[in-house]
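# coordinates only, sequence not included:
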C-alpha cells in the first residue's frame, strides 16, 4: 500500500476517515470473498463486513467496557465457517516494526485475526512478527516490494490463501514477500507446511534460510533471485519443490536433495507425478553451486536443472531414468558418475558446453542417445558407449567441438538412422568380429584408427587396470598369485582359479597366495558399467637350483672316512661319484681305499622344490700310514739338544679391517600430491649415503630407476614426475666409502605406494 502518515483529526474527521477506509476495506474483502481469492473449505455464505479500527477499553476490574479505545490496525470483520474473524488491511500508527496479535477486541468481544494483506510496496514497515499461537493467513502480494522490511517471523500456524484448486493441483496466492530487498532475518515456525510460489523471490539480502521441519512443499520460484543466499538445508520430508525454485541464487554453494522428494510443484496445466523429480530450471544460474548431493529415489532431473552452475563432480543416482539439458553449461564439471540402474536415455544437450569434462562412462542400461549430448566438451578425451546401445537420434553434432582420443563402442550391433562417425576421435575401439566393427571399418577417415577390442585392451585402455602375475623362484614363502592395480574403490572384482582350461571352485574375493613350485592360472573379473570384463593371468614358481659345493679332502690309508658337502641347501639325498682322473672320465669301481690322488663329485636328484644339481670337482688324497703329510713338520720336543734355536718369528701382517654396512630400513612411503612420492628411512650412523631403487613391480624389472643420496645424514627423498594412478615399489640400501672403496649394505624390505 502507499506510504501511511499519521494525521491529527477532529472526531468528525475521524469518523469520515473511517468511512473512507471502510469503502476500501469492503472492496478488498469482497475480492477475498471471490472464488479465486478464498481458501478451499471457506464457508461461502454471505460475509459480514464491518471495516473499522479496533476498539477496546478495560474497566477498573479488568473487564472490557463498551467505549472504544483506538488501535492502529485497520481491519474488516468477516465470517468463515460460521466464525467471526478479523482481516487486517492496513496500519495507521508510527511503530512500523509490526506485531500482529492473535485477536482484536471489538466492542468487548475478542475477534481472532484470520488474515493480513494490503501492505505491498509499503516503504515504512521494517519488521513483521505474528504472535505465537495465531492462525493467520497471509494474502497474495501482502508484503510484496516493501523495500525496508528487514525481519519476518512467522509462527507455525501461518497459512497462505489458495488461488486455484483443481483435481490434481493446488496453487496458493504467492509473491507474499517478493522483492523485499532488505529482508535478512527470517524465522519460519516448524509447523509451516507450504511456502507459496515466489514467496521470497528476489529477497536479495537473505543469506540463510532454515526451512520448517514439517515443510511439505515450496512452490515455483519460491527463492529464485535470492542472490545472497549461501546455505540451504532442505529437510527430509519435503515432497514437492517448484520449477526454478532456486534459479539465480548466485551465492548458493552447496545443496542436498532429500530422499523424500516425490513430485515437484507444477503449473496448473500439468498433472502431478508420483516419482521423485527435479523440475526445470531448479538451480539454473546458481553460479557458486559447487557441491550437490542427490538421494537415491530421484527419477527425473528436469531441463536446465543445473544449467550454468559451478559443479565439479556429480553422481547421478541409479534411480534416474532420463537426462535432458540437465548439466548444460556446467563449465567446471570434470567428473560425472552415472550409476548403473534405471537410466535408459541421455537426451539432447545433456552435457553440452561442459568444457572441463574429461571422460564419461555411459551405463549399460542406456539404449538411446539424442542429438549433441556432448556438444563443445572441449576436454573430453575418452567416451565409452555401452553394450546395449541401439539408437542414435539425429546425432549430426554428437561430438562437435570435442577432441576425443578414444571412443569405446561396446555394442556388438547398432541399428541407427544416422551412423555416428566420431569425426574428432583418433582411435575407435569395437568388439572384434562384430557387426559394429564391420560398419565402422567403412566409416572412419584416413587419420583415424579402428582397433579390435581384446581382453588385454579392455583392461589396459578402457578400465585402466593392470594385472601382473607373480614370477619367481621357490623360497619357502607365500606370494600373492598376482598384483592388480587401477581398480576403483568398492569396485566389484573377483578371482577364480583355472585348471586344465576350466574354472574351478567358488569365485574368490581376494587374490590367493602360492607357495609351491608350479604354473598357476587365474581369471580376474571386473564388473563396470553393468558388464563383466575378464582377463586370465599365469603365475609361476620355479624350482630352486640348489647350491652344492665340495672341498678337497686328505685322509690316511685305512681310516674310516666320509664325505659331506661344504655347502648344500637342497632337500634330496646326495650321491658321490669318485674318479681316477682329473677330467672325471674314469670312474672308480667304488669308494677308493688305496693310497693315491682321486677326484670326486656329488649329485642331488630333483625334488619337490629343487632342481637336480651337480657339485664342483674336488680332490681326494689318500696317504700311506707311514708317510707324513708333505705339508707337516715334526713338532720339536722341549729341551731337545738336536734342535737349533728357533729364529725370531717374522711378524705376520694383520689382516685388513673388515668393513660392514648395516641393512637399511624404510620408515614410510607415501604420495603427498600428484605424480610425487616421498620416501623416509632410518638414519644409519656409519653410512656415507644411500641408494634408492624404485620400480613398477616387486622384482624391479619394470620401470626401474635409482636415486643416490650422497649424505648419510639425509633421511628423506622426494621423487617427482611419476605416473599417476600407478603403484610403485621401493627398496633402499646404505653404502659406506672407505679409502676410496664403496661398501654396500643389504637392501631394506620392499614397500609400495600408489601415486596420486
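Received, thanks. Predicted model, so just to flag it, every value in this text is computed and none were measured. Residues are numbered from 1 along each chain as shown.
# so where do the helices sit in this protein?
Secondary structure of the chain, counting by DSSP state H: helices at 11-33, 435-440, 455-457.
# weakest of those helices in terms of mean pLDDT?
For the helices of the chain, mean pLDDT drops lowest on helix 11-33, to a mean of 36.
# low-confidence ranges in the stretch 601-750 of the chain?
627-658 (pLDDT under 70).
# tally of neighbours for the residue lying closest to residue 753 once chain neighbours are set aside?
Take residue 753 and drop its neighbours on the chain: the residue closest to it by CB to CB, 6 or more residues apart in numbering is residue 669, 4.4 Å away. The C-beta positions use only the backbone N, C-alpha and C, and glycine is treated the same way. By the measure other CB atoms under 10 Å, the count of residues near residue 669 is 20.
# can you tell me how far residue 669 sits from residue 480?
18 Å (CB to CB, to the nearest Å).
# what does residue 410 give?
From residue 410 to residue 480 the distance is 30 Å (CB to CB).
# just residue 498 next, same as before
Residue 498 is 17 Å from residue 480, by CB to CB.
# same deal with residue 197?
Distance from residue 197 to residue 480, by CB to CB: 62 Å.
# Have a look at those two and say which one is more surrounded.
A count of neighbours by other CB under 10 Å puts residue 197 above the other of residue 197 and residue 480, at 27 against 15.
# and that one, what does it touch?
171-172, 174-175, 219-222, 242, 265 (CB atoms under 8 Å, 6 or more residues apart in numbering).
# Need the max-distance pair from the residues you listed.
175 and 265 (14.7 Å; CB to CB).
# quick one, which of these two is more surrounded?
Shown here are residue 175 and residue 265; by other CB under 10 Å, residue 265 has more neighbours (27 against 21).
# Any regions of the stretch 201-350 of the chain where pLDDT drops low?
Using pLDDT under 70, the stretch 201-350 of the chain drops low at 262-277.
# Strands of that one, start to end?
208-210, 217-218, 231-233, 240-241, 254-257, 276-278, 291-294, 298-301, 313-316, 322-323, 335-338, 345-346 (DSSP state E, counting those that start in this stretch).
# Make CSV out of those strands and add mean neighbour count.
Formatted as CSV, those follow (neighbours: other CB atoms under 10 Å):
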stretch, mean neighbour count
strand 208-210, 15
strand 217-218, 23
strand 231-233, 15
strand 240-241, 23
strand 254-257, 18
strand 276-278, 24
strand 291-294, 16
strand 298-301, 22
strand 313-316, 16
strand 322-323, 22
strand 335-338, 18
strand 345-346, 20
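# out of those, nearest to residue 527?
strand 335-338 (15.0 Å).
# and the closest one, which strands flank it?
Counting by DSSP bridges, the strands paired with strand 335-338 are strand 313-316 (parallel).
# Show residues contacting the strand it pairs with.
292, 294, 301, 306, 323, 327, 333-339, 343.
# nearest to residue 249, of the residues you listed?
residue 306 (12.1 Å).
# need the contact list for the closest one.
282-284, 286, 289, 292, 314, 326-327, 330.
# let's see it at 10 Å
Residue 306 is in contact with 278, 281-286, 289, 292, 314, 325-330, 333, counting by CB atoms under 10 Å, 6 or more residues apart in numbering.
# Got the phi and psi for it?
phi -130, psi 30 (degrees, to the nearest 10).
# Offset the numbering so it begins at 21, please.
Renumbered: residue one is now 21, and that last one reads residue 326.
# how does the chain divide up, domain by domain?
Per automatic domain parsing, the domain ranges recorded for the chain read 21-209, 478-562, 686-774.
# Dump those to CSV, plus distance to residue 387.
What follows is the domains of the chain, written out as CSV (distance: least, CB to CB, whole Å):
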stretch, distance to residue 387
domain 21-209, 31
domain 478-562, 12
domain 686-774, 31
